[in-house]
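> Just need the structure, nothing else, for what follows:
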Amino acid sequence: MEKQRTFFSIIVPTYNRPIQLEACLDSIGRLSYPKDRLEVIVVDDGGHLPLDKVIEVFRKKLNLVFISQKHSGPAIARNTGVARAKGDFLAFTDDDCRVDAEWLTILEAYVLKFKDVAIAGHVLNSIDHNIFSEASQMLLDYFYSYYNADFQNAKFINGNDMVFPVEAFKALGAFNVSIPYAGGEDREVCEKWMRSGRRILYVKEAKVHHYHSLNFRTFWKQHFTYGRGAYIFRNLRSSEDKKGIRIEPLSFYYNLLCFPFFRAETKRALSIFFLFFISQLANALGFFAEKFKCQKK
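Numbering: from 1, shown residues only. Presented below is the predicted three-dimensional model:
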C-alpha cells in the first residue's frame, strides 16, 4: 500500500512543562484526522525537566519527532521545528494547549478551498474560576473582534493556533529570531505575511483550548513581556517601512476598556476592567523598558 503523504506538520515548542506537554500530545492523539497524514515535531527549548517518559509514550501513538536545543526563545524553537517539517502545511500550537478533536479536519477544509493563505484559529481559555486567565481570554476576544471582523482578511493571529503553507512560509523567512520574547514573533510574521500580499483567514471553528493558570504576578509579567516584544517589533518595522506603524485610535482603547461590560456580569466586569487597565499599563512599561535597554547598548 502506498504511504500517505504528510499533509500537516504540527510544531510544539516546549519549555519545562512535561505535564502540560503530555496533555497536549494526548489531545493530538485524539484528533479525528488520519494519523498517517500528520507528524508532530516537539522542540524542547533547553528545559531542565526530563521529557523522555512523555516522548516515549507518544512515539508509539504518533509520528513524532523530538528535538532538543539550548534555551533560545520561542522564535528559534519554532524555526527549528519548521526546518525539520515534511508536511505541506505547518500547524503551530503550544505545550499548554489542547487541540479540539476536529481541529485539523476543519483546517484542511479551509486550506484546500482557499489557496496560499495562512489561518488564524480561535484560542479558548480552559482554566475555570481564574479571573486572570478570564481577563487574558477576554483581551484575546476583543482583538479577534476588532482585527478579524472580516474573516477572509484577518489581521490578528495567535502563535498557539496558526497554520501556514510550508513553502510560502519558508520563502517569507520564517520567524524573526531577533525577537526573543513571546508575543512578538507571531505578530511580526503575521505582518510580514500580509505585506507579501497574502491573506490570513480567521477560522473560529478551529479551536485550541488554552490551559494557562495565572495570578497577579504572572499576569503582570506576561503583559510586561508583550510590551517588550512590541517595542522590538515596532523598531523592526520602522527600519523597514519609513512610514512607521499606524497607532490605533483612542477609540480602540476606549472600546477595549468597555469590552468587559458587554461580556460579563457587572461584578466580574469591574474586576476584568481593572485587569485590562493593568495589562495596558504593564504593556506600556515593558515597551519603554525595552526601549531604554536598547538605547543603552
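
> any idea how far residue 20 is from residue 65?
Distance from residue 65 to residue 20, counting by CB to CB, to the nearest Å: 19 Å. Where C-beta positions appear, they are placed from N, C-alpha and C, glycine not excepted.

> go on, residue 179?
According to CB to CB, residue 179 and residue 20 sit 23 Å apart.

> quick one: which of these two has more around it?
residue 179 (26 against 17; other CB atoms under 10 Å).

> buried stuff in the lengthiest strand in the chain?
Counting by DSSP state E, the longest strand found in the chain is strand 199-210. If you call a residue buried by 16 or more other CB atoms under 10 Å, then strand 199-210 has these buried ones: 200-203, 206-210.

> cool, and stretch 260-278?
Buried, per 16+ other CB under 10 Å, within stretch 260-278: 260, 264, 269, 272-273, 275-276, 278.

> which residues touch it?
131-132, 134-135, 138-139, 141, 219-220, 223, 256-257, 259 (CB atoms under 8 Å, 6 or more residues apart in numbering).

> By neighbour count, sort out the buried ones in the residues you listed.
Buried among the contacts of stretch 260-278 (16+ other CB under 10 Å): 131-132, 134-135, 138-139, 141, 219-220, 223, 256, 259.

> Go through the residues you listed and say which is closest to residue 188.
Closest approach between those and residue 188, by CB to CB: residue 223, at 18.0 Å.

> Let me know the helix or strand that that closest one is in.
According to DSSP states H and E, residue 223 maps onto helix 216-240.

> dump the residue contacts of the residue nearest to residue 212 when sequence neighbours are not counted.
Nearest non-adjacent residue to residue 212, counting by CB to CB, 6 or more residues apart in numbering: residue 96, 5.1 Å away. For residue 96, the contacting residues are 17, 20, 24, 210-212, by CB under 8 Å, 6+ apart.

> Which members of those are the farthest-apart pair?
Using CB to CB, those span at most 12.8 Å, a distance reached by 17 and 210.

> which residues of the stretch 51-200 of the chain fall in helices?
Remark: helices assigned in the stretch 51-200 of the chain by DSSP state H, counting those that start in this stretch are 52-59, 74-84, 103-113, 131-147, 166-172, 185-195.

> and of those helices, who's closest to residue 249?
helix 131-147 (11.1 Å).

> ok so, going back, check the contacts of stretch 260-278 against residue 114 and report the nearest one.
Residue 114 has its nearest neighbour among the contacts of stretch 260-278 in residue 141, at 23.8 Å by CB to CB.

> Now that closest one: closest residue in space, sequence neighbours ignored.
The shortest distance from residue 141 to any residue other than its chain neighbours is 7.1 Å, reached at residue 263 (CB to CB, 6+ apart).

> Let me see the confidence value for that neighbour.
On the pLDDT scale, residue 263 is placed at 85.

> With residue 28 as the reference, measure out to residue 97.
Separation of residue 97 from residue 28 (CB to CB): 10 Å.

> before we move on, the earlier item: in CSV: the contacts of stretch 260-278, plus distance to residue 60.
Shown next, in CSV, are the contacts of stretch 260-278 (distance: CB to CB, whole Å):
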residue, distance to residue 60
131, 40
132, 37
134, 37
135, 40
138, 40
139, 39
141, 38
219, 38
220, 41
223, 40
256, 46
257, 50
259, 45
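
> With pLDDT as new columns, can the buried ones among the contacts of stretch 260-278 be given to me in a markdown table?
Shown next, in a markdown table, are the buried ones among the contacts of stretch 260-278 (pLDDT from 0 to 100):
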| residue | pLDDT |
| --- | --- |
| 131 | 95 |
| 132 | 96 |
| 134 | 94 |
| 135 | 95 |
| 138 | 95 |
| 139 | 94 |
| 141 | 94 |
| 219 | 96 |
| 220 | 96 |
| 223 | 94 |
| 256 | 93 |
| 259 | 94 |
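
> Out of these, the closest to residue 77 would be?
Closest approach to residue 77 among those (CB to CB): residue 223, at 21.5 Å.

> Now do the same contact list for the closest residue to that closest one other than its chain neighbours.
Closest residue to residue 223 apart from its sequence neighbours, by CB to CB, 6+ apart: residue 282 at 3.8 Å. Each residue near residue 282 by CB under 8 Å, 6+ apart is listed here: 219-224, 226-227.

> hey, what's residue 165 bridged with?
Using DSSP bridges, the bridge partners assigned to residue 165 are residue 89.

> What is the neighbour count of it?
For residue 165, the count of nearby residues is 19 (other CB under 10 Å).
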